[in-house]
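Enquirer: this is the structure alone, sequence omitted:
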C-alpha cells in the first residue's frame, strides 16, 4: 500500500488543541505522501493546492465534493473559489499549524476527479 493510500484509509481525529503542530521536518515528510501539486506555505504551517477547471459548473462540482468530504471528516479547509479555479488551504486552526488531519484530507481530495 502506498503512503497516500494509507492516508486515505485513515479518518480525521478531533483536534481541540493540546498537541504540537508538525515540525517543518514532519510536514515535509508528510508532504511527500501527497500529489506533487500540494505545497507547504506560510513557513510550513499550512498546506495549499490550486485546482483549475474549464468552467464554473465543474469548479462548483469540485467545491461541493470537497465540502462533502470536509463534513464527513469534520476537518474543513479554507477555499478560494472563482469561475474556473479553486484554491484549497489546510491548517489545523486549533494548534496553529499542520496536523495529520490536514494530510489525510489532502490525500482524499487528490482522489476527487477534476475532469
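Expert: Looks like it came in fine. Predicted model only: the values in this text are computed from it and were never measured. Numbering: from 1, shown residues only.

Enquirer: what packs against the helix of greatest length in the chain?
Expert: Determined from DSSP state H, the single longest helix within the chain is helix 56-73. Applying 3 or more C-beta pairs under 8 Å, 6 or more residues apart in numbering; DSSP states H and E, we find helix 56-73 packed against strand 78-82, strand 85-90, helix 100-109. Glycine gets a C-beta too; all of them are placed from N, C-alpha and C.

Enquirer: figure out which of the ones you listed is closest to residue 50.
Expert: Closest to residue 50 of the helices and strands packed on helix 56-73, according to C-beta to C-beta: strand 85-90, at 5.0 Å.

Enquirer: let me see the mean pLDDT of stretch 44-54.
Expert: What stretch 44-54 shows for mean pLDDT is 97.

Enquirer: need the residues that contact it.
Expert: Defining contact as C-beta atoms under 8 Å, 6 or more residues apart in numbering, one finds that stretch 44-54 is touched by 21-22, 24, 27-28, 31, 35, 37-41, 59, 62, 84-91, 96-98, 102-103, 106, 109, 114.

Enquirer: test my guess that residue 88 contacts residue 109.
Expert: Yes - using C-beta atoms under 8 Å, residue 88 is in contact with residue 109, at 6.4 Å.
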